[in-house]
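**Q** coords below, sequence missing:
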């Protein structure tokens, strides 16, 4: 029987993968994917816990996160395209312009 | 009545503020005129109050507002117009009015003319608060205000550089101003303690409340309160050992000297003792009172002795003030408060006249004050000469002039109390007073015209200034005649100020007076033979006297200033320097510096985190999040 803890473990694993991606990746696009993974890891946890407690609030929250993530991706990708046009690269090491 | 009180008090304040508006602009004659007029208004109000008090005898008490109200402490900003304060108010405002008018002429060429009037009026205002207040706190505010204003005015020519003590005993105006202020601060501490003691034991600062409770206080409380208050009085009235500032304060412009000596400052100490007469006439403080009398007598003699050899015109007059203050304290200490107050008033008139006359001479001689460079000035400055002679006669105490009655009464008091030693010293001092005051007159106005060889071209002061001085001259002559009326006036306060000579003294009074007058006359005669003659007997400064032991001792003020410098100022400086370099720099500053340095270094080291690379920032952020989680987990476990 698959229980709550299984879901949470999956969620944690996904979150860790996402976190490692955020920390290790240099490409901005990959960073985006990694954050998406983390967001969805959280969504899984929300949905699972909501089911466990029989309370729909968690699932509603997951939907919200999905909606917000979608809009964020839309805006983010737009920025990435502009960035790529301007610098010809999405590598973070090339984009270190904030160095004081 | 109430309005008159406010006019008397605030007219000088308004004048000060008005003059302050023009403080930075060039000389505007109307500033001086309006300032003088406002002080004159204040005098008028005071005079009406005095007349009213004289005819009706009702003491006016005004409470303007609640001032401080905290816990049990409740102090009102209130004023009392009784015989003591009204005497002071009239004297102060009268002298101040004349000094203000005089200053219009005297400060004519000074570019800080407006600023001067602002300070001058503020000085008078402070003194008015001091004398009118009906509680110790108001007195203290006025007391401090007078101190600040004296600092501003003595140091008025602050741009003058420091000189060596050998060239100029008072070094520089700013030095003298600081000295005056610091000495007064030392004494003010004593006064503050005295006020605290009284408040602590009576629960009030109001004069009448405090004095009403005096009989219920223990002897030691009374004694310490009396001592502490007198220390305050010693500072303001420049009694030994806090006296050196008074002569050094001569660095200020002459009108200021006149004001300080005659009206607004040094009399405050005497006033305090007179004001607190119920305290000082208690049986328990008889010792303190006797000490006051002895100290006063000592200072009278001590200051007069220094005046004997002084060559600086203004300093001689300053010493004479010191000496006369000694007389006042002697009278107050012996319980003759009203005589002290009367001498204070009489002294104010002739002392202001002396200073203003001295200012005329100084003006004529282009700020030269050395008497040995003057002589024979009476031909050029007739008006000033007459004034100075009148004032000196009054100071010397020749019959029918102001000083005669009041000073004689003091000397008689000393005789009456059976303190023959004090009496003897005071009589001797009277002779010295006559000698030095006429020495100064003869050296400047009589004898050979020594100034000619030095290329001076003296000229008389403006007419309006001489006219303005005339009330002082008249008062210096006639004040004494009103002594009995004044006595009747002030006796209405109550028993504590009343003082009568015994019958025995009354019988001897004529002889005592004759003795004093004879001694004074012989002093004048001596001065005449030594300094006033011309031709082959003319006075010449000679080396032999100048090198004599006593002469050296006196001209160096008994080496007291040198002593202070070497044994107080210098060690103090050394200790300060040590504390500065060892304690302040090495401990206090070092601690603060190290704290700052720690943060600076931390910032410097952690600056490397700021690479500008987003990836690195994300790593730091993740690390931070982990640390926060760990902390949260640990604290959750601990709870």
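**A** Received it, and whenever you're ready, just let me know what you need. Nothing here was measured: the structure is a model prediction, and the numbers come from that model. Residues are numbered from 1 along each chain as shown, chains lettered A, B, ... in the order given.
**Q** tally of neighbours for residue 73?
**A** Let's take chain A. 16 (other CB atoms under 10 Å in any protein chain shown). (C-beta placed from N, C-alpha, C; glycine too.)
**Q** switch to chain B, please.
**A** By the criterion of other CB under 10 Å, residue B:73 has 12 neighbours.
**Q** and it, how far from chain A?
**A** 58 Å (CB to the nearest CB, to the nearest Å).
**Q** who touches that residue in this structure?
**A** Shown in contact with residue B:73 (CB atoms under 8 Å, 6 or more residues apart in numbering or on different chains): residue B:199.
**Q** pLDDT value on it, please?
**A** Per-residue pLDDT puts residue B:73 at 77.
**Q** try the one 4 residues further on
**A** Per-residue confidence for residue B:77 comes out at a pLDDT of 84.
**Q** how about the strands in the stretch 501-639 of chain B?
**A** Using DSSP state E, counting those that start in this stretch, the stretch 501-639 of chain B contains no strands.
**Q** what parts of chain B come near chain A?
**A** B:610, B:611, B:612, B:613, B:614, B:615, B:618, B:619, B:622 (CB under 8 Å from any CB of the partner chain).
**Q** so which of these wins on neighbours?
**A** residue B:615 (20 neighbours).
**Q** name the nearest residue to that residue, sequence neighbours excluded.
**A** residue A:92 (4.6 Å; CB to CB, 6 or more residues apart in numbering or on different chains).
**Q** over to the one you found: give its phi and psi.
**A** phi -60, psi -30 (degrees, to the nearest 10).
**Q** hmm, it is touching residue A:27, no?
**A** Yes - with contact defined as CB atoms under 8 Å, residue A:92 counts as touching residue A:27 (7.5 Å).
**Q** so between the two, which is more surrounded?
**A** residue A:92 (20 against 13).
**Q** OK, contacts around that one?
**A** A:26, A:27, A:28, A:31, B:613, B:614, B:615.
**Q** of these, closest to residue A:10?
**A** Minimum distance to residue A:10 across those is 22.1 Å, recorded for residue A:31 (CB to CB).
**Q** how about the closest one, secondary structure?
**A** Assigned by DSSP: H, G, I helix; E, B strand; the rest coil, the conformation of residue A:31 is helix.
**Q** residue B:69 in helix, strand or coil?
**A** Under three-state DSSP, residue B:69 comes out as strand.
**Q** which strand or helix spans the nearest residue to it once chain neighbours are set aside?
**A** Excluding its sequence neighbours, the residue lying closest to residue B:69 (CB to CB, 6+ apart) is residue B:75, at 7.6 Å. Counting by DSSP states H and E, the element that carries residue B:75 is strand B:73-81.
**Q** now do residue B:316
**A** helix B:313-333.
**Q** just for the chain, where's the confidence low?
**A** Defaulting to chain A. A:97-100 (pLDDT under 70).
**Q** correction: the question concerned chain B.
**A** For chain B, no range has pLDDT under 70.
**Q** please enumerate the strands of it.
**A** B:60-70, B:73-81 (DSSP state E).
**Q** and those: which comes nearest residue B:593?
**A** It is, among those and with distance given as CB to CB, strand B:60-70, at 39.4 Å.
**Q** give the partner strands of the closest one in its sheet and their orientations.
**A** The pairing partners recorded for strand B:60-70 under DSSP bridges are strand B:73-81 (antiparallel).
**Q** so who does residue 87 touch?
**A** No chain specified, so I'll use chain A. Contacts of residue A:87 by CB under 8 Å, 6+ apart are A:94, A:95.
**Q** chain B is the one I meant
**A** B:50, B:341, B:345, B:490.
**Q** now the residue of chain B found nearest chain A: phi and psi?
**A** Nearest residue of chain B to chain A: residue B:612, at 2.8 Å (CB to the nearest CB). Dihedral angles of residue B:612 (phi, psi; degrees, to the nearest 10) stand at phi 90, psi 0.
**Q** just to check, it is in contact with residue A:96?
**A** Yes - contact between residue B:612 and residue A:96 holds when scored by CB under 8 Å: they sit 4.1 Å apart.
**Q** can you list the buried residues in stretch A:45-57?
**A** A:45, A:46, A:47, A:48, A:49, A:50 (16 or more other CB atoms under 10 Å in any protein chain shown).
**Q** ok, residues contacting that stretch?
**A** So stretch A:45-57 is contacted by A:4, A:7, A:8, A:11, A:58, A:59, A:61, A:62, A:65 (CB under 8 Å, 6+ apart).
**Q** repeat that for stretch B:473-490.
**A** B:53-54, B:83-84, B:87, B:94, B:338, B:341-342, B:345-346, B:349-350, B:353, B:386-387, B:390-391, B:394, B:400-406, B:409, B:497.
**Q** counting neighbours, what do you get for residue B:549?
**A** Taking other CB under 10 Å as the definition, residue B:549 ends up with a neighbour count of 7.
**Q** pull the most distant pair out of the contacts of residue A:92.
**A** Across the contacts of residue A:92, the longest distance by CB to CB is 13.2 Å; it joins A:27 and B:613.
**Q** contact partners for residue B:528?
**A** Residue B:528 touches B:438, B:442, counting by CB under 8 Å, 6+ apart.
**Q** against residue B:203, how distant is it?
**A** In this view, residue B:528 and residue B:203 are 60 Å apart by CB to CB, to the nearest Å.
**Q** for residue B:539, same thing?
**A** With CB to CB as the criterion, residue B:539 and residue B:203 are 63 Å apart.
**Q** the more surrounded of the two?
**A** When residue B:539 and residue B:203 are compared for neighbours, residue B:539 comes out ahead with 21 against 14, by other CB under 10 Å.
**Q** contact partners for the more buried one?
**A** Neighbours of residue B:539 in contact, by CB under 8 Å, 6+ apart: B:375, B:443, B:447, B:448, B:530, B:531, B:532, B:533.
**Q** the fifth one reaches residue B:438, doesn't it?
**A** No - with contact defined as CB under 8 Å, residue B:530 and residue B:438 do not form a contacting pair (9.8 Å).
**Q** so those two - more neighbours on which side?
**A** residue B:438 (26 against 16).
**Q** could you pull up the residues touching the closest residue to that one other than its chain neighbours?
**A** Spatial nearest neighbour of residue B:438, chain neighbours left out: residue B:527 (4.0 Å); criterion: CB to CB, 6+ apart. The contact partners of residue B:527, taken as CB under 8 Å, 6+ apart, are B:434, B:435, B:436, B:438, B:439, B:442.
**Q** in ChimeraX, how would I select just the buried ones from those residues?
**A** Buried members of the contacts of residue B:527, defined by 16+ other CB under 10 Å, are picked up in ChimeraX with:
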select /B:434,435,436,438,439,442
